[in-house]
Every structure is written in C-alpha cells, then in structure tokens.
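Asker: Just a sequence and a predicted model for now, questions to come.
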Amino acid sequence: MSCPFNHSAEPNPAVLPLDWLLGTWQSDEPGEGSFPSIAPFRYTETLHFSHVGQPVVNFMFNAFHAESKKPLHRECGFIRLQPGTNRVAFIIAQNSGLVEIEEGELTGQQLTLHTTALARTSFAKQPHVQQISRHIQLKPDGRLEQTVSMALEGQPLTQHLHITYRRTD
C-alpha cells in the first residue's frame, strides 16, 4: 500500500512549511537499529509523504530487514501544524498495535518531536513502549535524516534507530 503524491490537488496553505518533506524517500544505505534488550540490526526504509489538499500531510513508513528483505516496522498517519505557530503533531498508527501522538516543533527544515500520548492493543508485546522521541531534518546535501529514541518499562530513553534517505521522486 502506498500514499502517492497528489499532483492534482493544490497544497493547503497550512502544510506549506512542510513541503520539503513531500514525496517518496528511500534509505540510501541501511539504517542502524539497536536497543539494550535486542541484538543490533540493519534495515532499509521507504517514506511516503503526500497531501490531498487538506491541512495535513499524510505519511507511510515501511521498513525492511536489510539482509533478508522481510517486512519489519510499519507506521502511517498524519502530520498537523498548529496554525500560526511552529508547533507540529504526528498522529501515528504502528503495525505493532501501538498508536501515538508525538508533538514538537518545526524549525526551518527540522522536526523535533516527543510522545504526548500512547495507546496500545490489550495484547501488545511487553515490555511496553513508554516514550518515543524523533528528530527529522533535511541535510544541506539534500538527504533526509531520522533519529528515533525510545523508552520501555524499566529502560530510559535511548537511541533506537538512525537512518538517512534520498528523495526518489
């Protein structure tokens, strides 16, 4: 399933500060994943950011194991900007059964976000995620960089993922 960029709809003025994200991005080399409770791993990922003329950006993130190519993590949702401010919110559903809201700030071509709300299925795998922080920035060379940190029950906020992407469309 993909979220194609809608070339026929004019972007809503509310999403223009995020227009640098729009399109499809592919990891340019495998990203690095680690956490104290799991073995380090490498992954590839495709990001799709699109709009349909509404005051939100739609997104879908699809990660794959770098060696086996098996599907890993999936996230989809919406990005909203608070009108007249640099406040931003990611509303995210994950294939693990976790739903979250991350809020933070847009500074130029950089997003810094932290969990403000989490919900999960009643049978979600333990230990449960307690907090996520995410930093996304457009680098001067045109690559997009994402760093994700997380905290689990009994484990403080720790860097979990780091990856860079190149725009493919």
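Answerer: Yes, it's here.
Asker: Name the SS class of residue 16, please.
Answerer: Local secondary structure at residue 16 is given as helix here, using DSSP: H, G, I helix; E, B strand; the rest coil.
Asker: how close does it get to residue 157?
Answerer: 32 Å (Cβ to Cβ, to the nearest Å). C-beta: built from backbone N, CA, C; applies to glycine.
Asker: got the contact list for the most centrally placed residue in the chain?
Answerer: For the chain, the residue nearest the mean C-alpha position is residue 61 (6.4 Å; Cα atoms, centre = their mean). Residues near residue 61 by Cβ atoms under 8 Å, 6 or more residues apart in numbering: 45-48, 73-76.
Asker: Am I right that residue 80 is in contact with residue 56?
Answerer: Yes. Proximity of residue 80 to residue 56 meets the contact threshold set by Cβ atoms under 8 Å, at 5.3 Å.
Asker: and the gap between the residue nearest to the centre of the chain and residue 136?
Answerer: Distance from residue 61 to residue 136, counting by Cβ to Cβ: 11 Å.
Asker: just to revisit the earlier point, looking at the contacts of residue 61, which is nearest residue 100?
Answerer: residue 75 (9.1 Å; Cβ to Cβ).
Asker: and the helix or strand hosting the closest one, average pLDDT?
Answerer: Using DSSP states H and E, the element containing residue 75 is strand 71-81. The pLDDT scores in strand 71-81 average 96.
Asker: I'd like the next helix or strand past it.
Answerer: By DSSP H and E, the next helix or strand past strand 71-81 is strand 87-94.
Asker: What helices and strands are in contact with that next one?
Answerer: Packing contacts for strand 87-94, counted by 3 or more Cβ pairs under 8 Å, 6 or more residues apart in numbering; DSSP states H and E, involve strand 71-81, strand 98-106, strand 110-120.
Asker: hmm, try it at 6 Å
Answerer: Counting contacts by 3 or more Cβ pairs under 6 Å, 6 or more residues apart in numbering; DSSP states H and E, strand 87-94 is packed against strand 71-81, strand 98-106.
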